[in-house]
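A.B. asks: structure for this input, please:
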Amino acid sequence: MSVKRLCKAGVSAGILGCMALPSAAQDRDPMLFYDADGVKLRGHLQFGLNAVSESNLFWDLAATTAPGSGFDADTDWLEGYVKPGLSFEYTLDAGAVLYGKLSAVSSYTWGTDAFDTGNTGANTLEEAYLAIRGDLGGGVSYDLSLGPRELSLGTGMLIANGATSGFERGALKFGPRKAWERALIARLTYSNLTGTAFFLDPNELPSTDGGNELAGIDLRFDDPLGGYLGATYVNVLNSNSPYPQAAPGGVGAPSVTPGAREGTNTISLYGKTNPFEGNLRNWVFTGDLAYQWNDDIDLSAWAGRVTAAYTFTQAKWTPTLTLGYQSFSGDDPGTTGLERFDPLYYQGSPSAWATGSKSASTFINSNVNALTLALRVQPTPRDTITLRYAHIRANELNSPIQFGQATRVDINGNVVSGVTDAHLADDLFLEYSRIINRNTFLTAGVSVSVPGTGIDNVVGGSAPIWTGGFINVVFNF
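C.D. replies: Below you'll find the model as predicted:
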């Protein structure tokens, strides 16, 4: 498995620094079992252990919204996984390459995790695909793939995480599963332009399988200087997954429509600038914009993000400061239509599309917005320190956040949902990552989430501060 894949796995944002390993460390591949007569056979092995401690989980909202649940807001647990695999490449006489991969995940959680599940795990198939790639002439190449495998499109805003971990599968924080359960992927590339058509079936938890099937297309232009511009279209072909909708005027429990996701369409645009010269030297800007609709349920929703990053190239440790703003529409209680954005299968790591560090475990990317700030420094090529801050707010009051959590009876005896003040939380996350060697990566982090007035109002007072920390080690061969 490649270093790039490990970074995408969401084990830690800091592992991105592993791309800076010296080339000499990559000269020998001990997992290359056979390489002769046009055949390559390579083994893959990744495993890790993660120790996690949490206090006042979810700002101890359960004590107010579900006092009889027995939920313990303070917990510690250990989780681990192992992911073995085998891949091959066979060069045909015509020059095309037949290739494929078979891998599995075994994961387990010792103790009770953040979602009150523990001492459980599962063994699941991960990748099992057969593919062919080659040239069609005239600078056009193709790549066709059939079977379970990973696929991430654009910046990971919609299509990235094809499988679910945690709960009965264990390894909640690690999230080692990424491959789609069924995947048909076809790519055509001409020069710097790539078109990708796909059919995907996510590898969902058996206990909550929504029968989802997706199809669509992605077009992307990658400039050799580093910028890119692309567009993605996704259609939900089949789904049993429901959508919540705010009660009229925000008074009352939200209604839930089974199978509402089926037929939802989403189109997104994404881009990143090339390096600038002159006064804008060392600046990088990115942008994402998505529109979503479903005529069957009168859905019209939107989402977007902009970021601006500046690298202090002459300063010690080469700091990079990134300012961003992301927003995902919520359902307006004052309309009969549905405006709640469905984030589909986004990449939820702190370096990608998480809304906050801790808050990302509470709020999916719907009816929330966040102003974010990140400072990244590299004291050495092997060490990376990242400090992240997020100010998180709701877009619509008295409207479902996540999937209707915080539905409760107010002091007037009315059933209400969502929050009555937009300020949800302020999250702070300090992370350190160390490349021990080319196969071993250490990551540690501490995080704090200070509840905003919106959360305080749910508990009828000052909600406690949610704190936590972790330390993990990952081995990748």
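
A.B. asks: make it CA atoms for all contacts and neighbour counts henceforth
C.D. replies: Fine.

A.B. asks: got a list of what Val97 touches?
C.D. replies: Neighbouring residues of Val97 by CA atoms under 8 Å, 6 or more residues apart in numbering: Glu89, Tyr90, Thr91, Ile132, Arg133, Gly134.

A.B. asks: so what sits opposite it in the bridge?
C.D. replies: Beta-bridge pairing for Val97 (DSSP bridges): Thr91, Arg133.

A.B. asks: and it, how close does it get to Asp135?
C.D. replies: 10 Å (CA to CA, to the nearest Å).

A.B. asks: what about the residue nearest the centre of the chain, which SS state?
C.D. replies: By CA atoms, centre = their mean, the chain has its centre lying nearest to Gln347, at 1.7 Å. Secondary structure state of Gln347, per DSSP: H, G, I helix; E, B strand; the rest coil, is coil.

A.B. asks: ok, it touching Ile364?
C.D. replies: No. Between Gln347 and Ile364 there is no contact under CA atoms under 8 Å: 11.0 Å.

A.B. asks: rewinding a little: export the contacts of Val97 to JSON lines and tack on pLDDT and neighbour count?
C.D. replies: Formatted as JSON lines, those follow (pLDDT from 0 to 100; neighbours: other CA atoms under 10 Å):
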{"residue": "Glu89", "pLDDT": "97", "neighbour count": "18"}
{"residue": "Tyr90", "pLDDT": "97", "neighbour count": "19"}
{"residue": "Thr91", "pLDDT": "96", "neighbour count": "17"}
{"residue": "Ile132", "pLDDT": "98", "neighbour count": "19"}
{"residue": "Arg133", "pLDDT": "98", "neighbour count": "19"}
{"residue": "Gly134", "pLDDT": "97", "neighbour count": "18"}
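
A.B. asks: including distance to Gly227, could those go into a markdown table?
C.D. replies: Formatted as a markdown table, these follow (distance: CA to CA, whole Å):
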| residue | distance to Gly227 |
| --- | --- |
| Glu89 | 31 |
| Tyr90 | 33 |
| Thr91 | 32 |
| Ile132 | 28 |
| Arg133 | 25 |
| Gly134 | 26 |
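
A.B. asks: nearest to Tyr108 among those?
C.D. replies: Nearest to Tyr108 among the contacts of Val97: Glu89, at 31.9 Å, using CA to CA.

A.B. asks: which SSE is that closest one in?
C.D. replies: Following DSSP states H and E, one finds Glu89 within strand 75-91.

A.B. asks: run the chain-centre distance for that strand.
C.D. replies: Distance of strand 75-91 from the chain centroid (CA atoms, centre = their mean, to the nearest Å) equals 18 Å.

A.B. asks: can I get it in CSV, CA atoms only?
C.D. replies: The C-alpha coordinates for strand 75-91 follow below in CSV (Å, rounded to 0.1, in the frame of the first residue of the first chain):
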residue,chain,number,x,y,z
THR,A,75,-14.1,6.8,28.6
ASP,A,76,-10.8,5.3,27.4
TRP,A,77,-10.2,2.7,24.8
LEU,A,78,-7.6,0.9,22.7
GLU,A,79,-8.2,0.1,19.1
GLY,A,80,-6.2,-1.7,16.4
TYR,A,81,-6.4,-3.1,12.9
VAL,A,82,-4.4,-5.1,10.5
LYS,A,83,-4.8,-4.9,6.7
PRO,A,84,-2.9,-7.5,4.6
GLY,A,85,-3.1,-7.5,0.8
LEU,A,86,-1.6,-8.9,-2.4
SER,A,87,-1.5,-7.1,-5.7
PHE,A,88,-0.2,-8.1,-9.2
GLU,A,89,0.6,-6.5,-12.5
TYR,A,90,1.0,-8.4,-15.8
THR,A,91,2.1,-6.6,-19.0
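
A.B. asks: start at 35 instead
C.D. replies: In the new numbering, first residue 35, that becomes strand 109-125.

A.B. asks: for it, packing partners?
C.D. replies: strand 73-89, strand 131-146 (3 or more CA pairs under 8 Å, 6 or more residues apart in numbering; DSSP states H and E).

A.B. asks: now the angle from it to strand 73-89?
C.D. replies: 170 degrees (axes from the mean of the first three to the mean of the last three CA atoms, to 10 degrees).

A.B. asks: would you mind getting the angle between strand 109-125 and strand 131-146?
C.D. replies: Note on geometry: by the same axes, to 10 degrees, strand 109-125 and strand 131-146 are set 170 degrees apart in direction.

A.B. asks: buried residues in strand 109-125?
C.D. replies: For strand 109-125, burial by neighbour count (16 or more other CA atoms under 10 Å) applies to 109-125.

A.B. asks: now stretch 147-161
C.D. replies: Across stretch 147-161, burial judged by 16+ other CA under 10 Å covers Asp147, Ala148, Thr151, Gly152, Asn153, Thr154, Gly155, Ala156, Leu159, Glu160, Glu161.

A.B. asks: which among the contacts of Val131 gets closest to Gly181?
C.D. replies: Comparing the contacts of Val131 against Gly181 with CA to CA places Ile166 closest, at 12.2 Å.

A.B. asks: thought the closest one was touching Ser179?
C.D. replies: Yes. Here Ile166 reaches Ser179: they are 6.6 Å apart, a contact under CA under 8 Å.

A.B. asks: wait, Leu431 touches Asp455, no?
C.D. replies: Yes. If you go by CA under 8 Å, Leu431 and Asp455 touch, sitting 6.7 Å apart.

A.B. asks: which one of the two has more residues nearby?
C.D. replies: Leu431 (23 against 19; other CA atoms under 10 Å).

A.B. asks: phi, psi for Phe92 please.
C.D. replies: Per-residue torsions, Phe92: phi 50, psi 40 (degrees, to the nearest 10).

A.B. asks: now Val492
C.D. replies: Backbone geometry at Val492, expressed as degrees, to the nearest 10, gives phi -60, psi -40.

A.B. asks: and it, how far from Lys392?
C.D. replies: 18 Å.

A.B. asks: and for the closest residue to Leu159 other than its chain neighbours, the neighbour number?
C.D. replies: Once flanking residues are discounted, Leu159 sits nearest to Ala138: 4.4 Å by CA to CA, 6 or more residues apart in numbering. Neighbourhood size, Ala138 [other CA under 10 Å]: 17.

A.B. asks: try Asp366
C.D. replies: 24.

A.B. asks: again with Ile251
C.D. replies: 19.

A.B. asks: check which helix or strand it maps to.
C.D. replies: If you go by DSSP H and E, Ile251 is part of strand 247-256.

A.B. asks: what pairs with that strand, parallel or antiparallel?
C.D. replies: Going by DSSP bridges, the partners of strand 247-256 are strand 227-235 (antiparallel), strand 262-272 (antiparallel).
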